[in-house]
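Participant: have a look at this prediction, sequence included:
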Amino acid sequence: MEPQPQDQHLIREYVQLAWLEKGLSRNTQLSYQRDLKHFALWLNDRSLYLLQVQRHHLQAYLDWRVGQAFKAVSTARVLSCLRGFYRFLLREGRVEQDPTLNIASPKPGRPLPKTLTETDVECLLAAPDVTDVLGLRDRTMLELIYASGLRVTELVGLRTEQMNLRQGVIRVVGKGDKERLVPVGDEALEWMRRYLKTSRPLLAVDTSQDVVFLSRRGNQMTRQTFWHRVRLHAGQAGIDKALSPHVLRHAFATHLLNHGADLRVVQMLLGHADLSTTQIYTHVATHRLQSLHRAHHPRG
């Protein structure tokens, strides 16, 4: 189904001009055409045309998209396209006013972080073959990132001088060169001691190398290598989810909150400068919120 001929002509004219002025890629041109065509068809169904649109028509279209459950990010993109289109028509003298003026773009909701259940984490941690040098290294890295919530760059860049296994803490240098002390649980500490005693000496080609987690060639592991190892072990564990090292950081925060940790403590452990960044996890930690409701609400 195609828009009315006069609307088709306007759309082609605008997309061609936008291509000439902005050097749009082919994909962007097709996106403009698709969004404008969709709006024109919606108008045509209501006996309206692109040159007749007023502000209330555009607002009705946006409301209709909400009712049809279009994503906010998609609607924001469409509105951006329509702004450019009607500015073009206004500049050309085809319309007397821009109907997109004073219409706010929908604010996309912040996506919830992907996470793992505690059962998923246990299966993932148990996947590496710890009788193998690399398997023991991987198990230790997985245990540490889940126990501490380190960013993957902090994990692969960890140096021996940053660890205090006796006190059970790691000194982490995070974003903006900000330092924080992160406690590490007994389980992860035991794996660290085992890795440092048995696997790391076999991987250390250069004995002066102070990076904790070494690659097969004795160099510092890259983020990409660890990402591939996580995917490998997730497959071995039968976890059918898109996994990355960052998902284990999310699991660390979510499971802490589920078990009663204070939000500001989690903020400090994650190294977030702003509490609002950490608050996203309150939407994920539903088990803890539900149990609090049942325990304290009179009708829980």
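Facilitator: Cool, the structure landed.
Participant: find the nearest non-adjacent residue to residue 147, please.
Facilitator: Closest residue in space to residue 147, ignoring its immediate chain neighbours: residue 188 at 3.7 Å, by C-beta to C-beta, 6 or more residues apart in numbering. The C-beta positions use only the backbone N, C-alpha and C, and glycine is treated the same way.
Participant: quick one, what contacts the one you found?
Facilitator: Residues near residue 188 by C-beta atoms under 8 Å, 6 or more residues apart in numbering: 140, 143-144, 146-148.
Participant: find the helix or strand that residue 82 is a member of.
Facilitator: According to DSSP states H and E, residue 82 maps onto helix 72-91.
Participant: now tell me what touches that helix from outside.
Facilitator: 10, 14, 17-18, 31-32, 35-36, 38-39, 50-51, 53, 58, 62, 65-66, 95-100, 103, 105-109.
Participant: filter the residues you listed to the buried ones?
Facilitator: 10, 14, 18, 31-32, 35-36, 38-39, 50, 53, 58, 62, 65, 95, 98-100, 105-106 (16 or more other C-beta atoms under 10 Å).
Participant: now do the buried residues in stretch 235-247.
Facilitator: 237, 239, 243-247.
Participant: from the centre of this structure, point out the most distant residue.
Facilitator: In the chain, the greatest distance from the average C-alpha position (C-alpha atoms, centre = their mean) is reached by residue 93, at 43.5 Å.
Participant: the strands in the stretch 151-300 of the chain, which residues?
Facilitator: Assigned by DSSP state E, counting those that start in this stretch, the strands in the stretch 151-300 of the chain fall at 163-164, 169-173, 179-183.
Participant: who does the shortest one touch, helix- and strand-wise?
Facilitator: Contact partners of strand 163-164 among helices and strands, from 3 or more C-beta pairs under 8 Å, 6 or more residues apart in numbering; DSSP states H and E: strand 169-173.
Participant: the strand it packs on pairs with which strands, and in what direction?
Facilitator: In the sheet, strand 169-173 lines up against strand 163-164 (antiparallel), strand 179-183 (antiparallel) (DSSP bridges).
Participant: other residues contacting the first one?
Facilitator: If I follow you right, that is strand 163-164. 170-171, 192, 212.
Participant: contacts only, for the spatially closest residue to residue 214 that is not a sequence neighbour.
Facilitator: Leaving out its chain neighbours, the residue that sits closest to residue 214 by C-beta to C-beta, 6+ apart is residue 203, at 4.1 Å. Applying C-beta under 8 Å, 6+ apart to residue 203 gives the contacts 133, 137, 214-216, 218.
Participant: and for residue 245?
Facilitator: 145, 152, 155, 223, 226-227, 230 are the contacts of residue 245 under C-beta under 8 Å, 6+ apart.
Participant: ok, now which ones touch the closest residue to it other than its chain neighbours?
Facilitator: Spatial nearest neighbour of residue 245, excluding adjacent residues (C-beta to C-beta, 6+ apart): residue 152 at 4.0 Å. Neighbouring residues of residue 152 by C-beta under 8 Å, 6+ apart: 145, 223, 226-227, 244-246, 249.
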